[in-house]
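Asker: just need the structure, nothing else, for what follows:
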Amino acid sequence: MKKYSNISSVAATLAVALLTTGCSSGASVGNYLWGDDSPPAQTQARTPVNQQGQTNLPEAPAASTYSYTASSGPAGNRAGFSKLPKNSQRVFVVVNDQPITGYDISQRTILNRILGRRKNSRKDVLEELINDVIQVGEAKQNKVDIDDKRINAAIGNMAGSTGSTPDRLKAQLRKQGVAFSSLKRQVKASLALRWLMQKQGAKVGKVTDADIDRKLQKINSDPRRQGVTVYLIKQVNLPVEQTSSAMAPQLLQARAIEAQQIARKYKGCSSLRRAASNIYNVKITRTIQADSRKLPGDMRKSLRKAGRKRLLGPMRTRSGIQLIAFCGIQRIEPPKATREQAKNIVENEKFGQAANNILKGLRRKAFIDYKVASARP
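Answerer: Model prediction:
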C-alpha cells in the first residue's frame, strides 16, 4: 500500500472557513431589492382612488426598477447548458466507464459557489469532475487506497483548523442543498491529485512578495468588492382582493383610508407594526436594502424629505395600496482581503498550474465520451 500525505494546503483551510462562515471569496455586496412586487402587468389599467374618491393616487415604484444585481451574472448561463433540475440523472459524460450526471454537476456547482470558486460555469464544473474521475482512477490503478477513513480524517482536519467540526460542516452543506457525499468526492479527488503530484515530482512555483502584492491589489480593487450605500426601507402593503370592476374603486378607497390611519399613528420604523395593528390584512416587508445607485434621484429626494417619522404614500400598486417607510441610510463595506488570503490564493493557483500539466497527459490516455453536444469543450 502506497503512502501519501493528507491535504495540508492552506487554501483548503481557507475554503472550509468560507463555507462555515457563509462567505465567499468572490462575493459581492449582495442583491438589494426594492420591494417584493413584480413589475405591473400590461393589462387593463385600474384607476387608483384616494379616500375622497379622487383618482390621484400615484403608482408605487415597480420592484424591478430598483433592483441591484451583482456585475457578474450566473456563470452557467454562458456555458450553453439549460438549467438542470436538482436531481437530474441525465448522463452528460462517461469517463472510463464512469458516468457524470446532471445531479453531479449541480451539486459541484453549488459547492464551488459556497467555497468561492470564480470559474464555476457548468462547463468548468464538468471538466473538473472529469479530472476528478481520472485522478481517482489513476490512484486506484496504482493500488493507492483512498478510503472513507482517510477522507473523513482529511475533512476533520480541515474543519478543525477553522474551529468547526465535520457535523457542523455537514449541517452547513445541507442548508445549502449539498449532500455531504459531494464534499467527500471532491476531497477524495484532491487526495488523489496530491499523490499524483508527489509521484511525478511536480514542481510548484515559488510564491514571491510581488506575486502577493499584485493579487492583493487585484482582489481589493475588484468593483464587486467595493462598498455600497443603501437606503433602508420597509413597505406596507394593503392588498385588495380581486373583485368586479364596479366594486374595485370602493375597495381601493377603503384601503386608502386605512393607509392614512396607519400614517397618522406612525412615529418611525420601530412603531410600524403597532401603527398597523388594528388594520385587517396588512403585510409589512422585512427591511429592504435598496442600492442608492439604482434609486432614481426623485425617489431619494422623496425619502429624505419624508424623513424617518413620516410615511410615503398611499400609492397604488398592482395588488392594492402601498406605503413606504424610510428607516435610514447605511454604508456596507465588504472586508478587505488580507495578505495571508492573497498568498493562499496565489499558492492555490500555482498548485493548479502544476496539476494541470500532469492532468493533460492523463486526459490524453483517458476515454472521455461526451453524451451531450453542448457539453463539449
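
Asker: P99 should be in a helix, yeah?
Answerer: No: counting by DSSP: H, G, I helix; E, B strand; the rest coil, P99 is located in no helix; its state is strand.

Asker: what's near enough to touch the residue nearest to it when sequence neighbours are not counted?
Answerer: Leaving out its chain neighbours, the residue that sits closest to P99 by CB to CB, 6 or more residues apart in numbering is V91, at 4.5 Å. In this view, the C-beta of every residue, glycine as well, is placed from N, C-alpha and C. Listed by CB atoms under 8 Å, 6 or more residues apart in numbering, the contact set of V91 reads P99, I100, T101, K371.

Asker: mind redoing it with 6 Å?
Answerer: P99, T101, K371 (CB atoms under 6 Å, 6 or more residues apart in numbering).

Asker: same thing with K371?
Answerer: Contacts of K371 by CB under 6 Å, 6+ apart are V91, F92.

Asker: what separates it from R364, distance-wise?
Answerer: Using CB to CB, to the nearest Å, we find K371 at a distance of 20 Å from R364.

Asker: can you give me phi and psi for the residue nearest to P99?
Answerer: Dihedral pair for V91: phi -90, psi 120, per degrees, to the nearest 10.

Asker: could you report the pLDDT at it?
Answerer: We note a pLDDT of 90 for V91 in this prediction.

Asker: when you give positions from now on, start the count at 5
Answerer: All set: I'll call the first residue 5, so the last point we hit is now V95.

Asker: what are the bridge partners for it, then?
Answerer: Applying DSSP bridges to V95 gives these bridge partners: T105.

Asker: pLDDT weak spots in this protein?
Answerer: Residue ranges of the chain with pLDDT under 70: 5-60, 65-91, 206, 247-248.

Asker: domain boundaries for it, per the record?
Answerer: For the chain, the structural domains run 67-73+231-336, 85-226+340-379, going by automatic domain parsing.

Asker: returning to that earlier point: want to throw the contacts of V95 into JSON lines with distance to R198?
Answerer: Listed next are the contacts of V95 as JSON lines, based on distance: CB to CB, whole Å:
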{"residue": "P103", "distance to R198": "25"}
{"residue": "T105", "distance to R198": "26"}
{"residue": "K375", "distance to R198": "30"}
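
Asker: so which strand or helix has S306?
Answerer: In this assignment (DSSP states H and E), S306 forms part of helix 301-310.

Asker: can I get the domains of the chain in a markdown table including distance to L61?
Answerer: Shown next, in a markdown table, are these (distance: least, CB to CB, whole Å):
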| stretch | distance to L61 |
| --- | --- |
| domain 67-73+231-336 | 5 |
| domain 85-226+340-379 | 39 |
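
Asker: so which bits of the lengthiest helix in the chain are buried?
Answerer: The longest helix of the chain (DSSP state H) is helix 343-369. For helix 343-369, the neighbour count (16 or more other CB atoms under 10 Å) marks 345-352, 354-355, 358-359, 362-363 as buried.

Asker: helices or strands next to that helix in the packing?
Answerer: If contacts are counted by 3 or more CB pairs under 6 Å, 6 or more residues apart in numbering; DSSP states H and E, helix 343-369 sits against helix 14-25, helix 126-145, helix 184-204, helix 213-224.

Asker: so the second one versus helix 184-204, what angle?
Answerer: Taking axes from the mean of the first three to the mean of the last three CA atoms, to 10 degrees, one finds that helix 126-145 is oriented at 60 degrees with respect to helix 184-204.

Asker: now helix 126-145 and helix 343-369, what's the angle there?
Answerer: Between helix 126-145 and helix 343-369, the angle comes out at 70 degrees (the same axes, to 10 degrees).

Asker: again, but for the third one
Answerer: On the basis of the same axes, to 10 degrees, helix 184-204 is oriented at 80 degrees to helix 343-369.

Asker: next one: the last one
Answerer: If you take the same axes, to 10 degrees, helix 213-224 sits at 100 degrees to helix 343-369.

Asker: and L327, that's in a strand?
Answerer: Yes: membership of L327 in a strand is supported by three-state DSSP.

Asker: doesn't L242 make contact with it?
Answerer: No: contact criterion CB atoms under 6 Å: L327 and L242 do not qualify, at 7.9 Å.

Asker: before we move on, back to that, give the pairing partners of the very next helix or strand once past the longest helix of the chain; include direction for each.
Answerer: Counting by DSSP H and E, the next helix or strand C-terminal to helix 343-369 is strand 372-374. Strand 372-374 pairs in its sheet with strand 95-99 (antiparallel), by DSSP bridges.

Asker: got a list of what the residue nearest to Y270 when sequence neighbours are not counted touches?
Answerer: Nearest non-adjacent residue to Y270, counting by CB to CB, 6+ apart: A279, 4.7 Å away. The neighbourhood of A279, defined by CB under 6 Å, 6+ apart, consists of I266, K269, Y270.

Asker: how about stretch 232-252 as PDB, C-alpha atoms only?
Answerer: Presented in PDB, the C-alpha positions along stretch 232-252 are these (Å, rounded to 0.1, in the frame of the first residue of the first chain):
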ATOM      1  CA  VAL A 232     -22.300  50.500  -1.400                       C
ATOM      2  CA  THR A 233     -24.700  53.000   0.200                       C
ATOM      3  CA  VAL A 234     -28.100  51.500   0.800                       C
ATOM      4  CA  TYR A 235     -31.400  53.100   1.800                       C
ATOM      5  CA  LEU A 236     -33.200  51.100   4.500                       C
ATOM      6  CA  ILE A 237     -36.800  50.800   3.600                       C
ATOM      7  CA  LYS A 238     -39.900  48.900   4.600                       C
ATOM      8  CA  GLN A 239     -43.000  48.500   2.500                       C
ATOM      9  CA  VAL A 240     -46.500  48.400   4.000                       C
ATOM     10  CA  ASN A 241     -48.900  46.600   1.600                       C
ATOM     11  CA  LEU A 242     -52.700  46.700   2.000                       C
ATOM     12  CA  PRO A 243     -53.900  44.200  -0.700                       C
ATOM     13  CA  VAL A 244     -57.200  44.400  -2.400                       C
ATOM     14  CA  GLU A 245     -58.900  41.200  -3.300                       C
ATOM     15  CA  GLN A 246     -59.900  40.600  -6.900                       C
ATOM     16  CA  THR A 247     -63.400  41.800  -7.500                       C
ATOM     17  CA  SER A 248     -65.600  43.200 -10.200                       C
ATOM     18  CA  SER A 249     -64.600  46.500 -11.900                       C
ATOM     19  CA  ALA A 250     -67.700  48.100 -10.300                       C
ATOM     20  CA  MET A 251     -66.500  47.300  -6.700                       C
ATOM     21  CA  ALA A 252     -62.800  47.900  -7.200                       C
END
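
Asker: alright, calling it a day.
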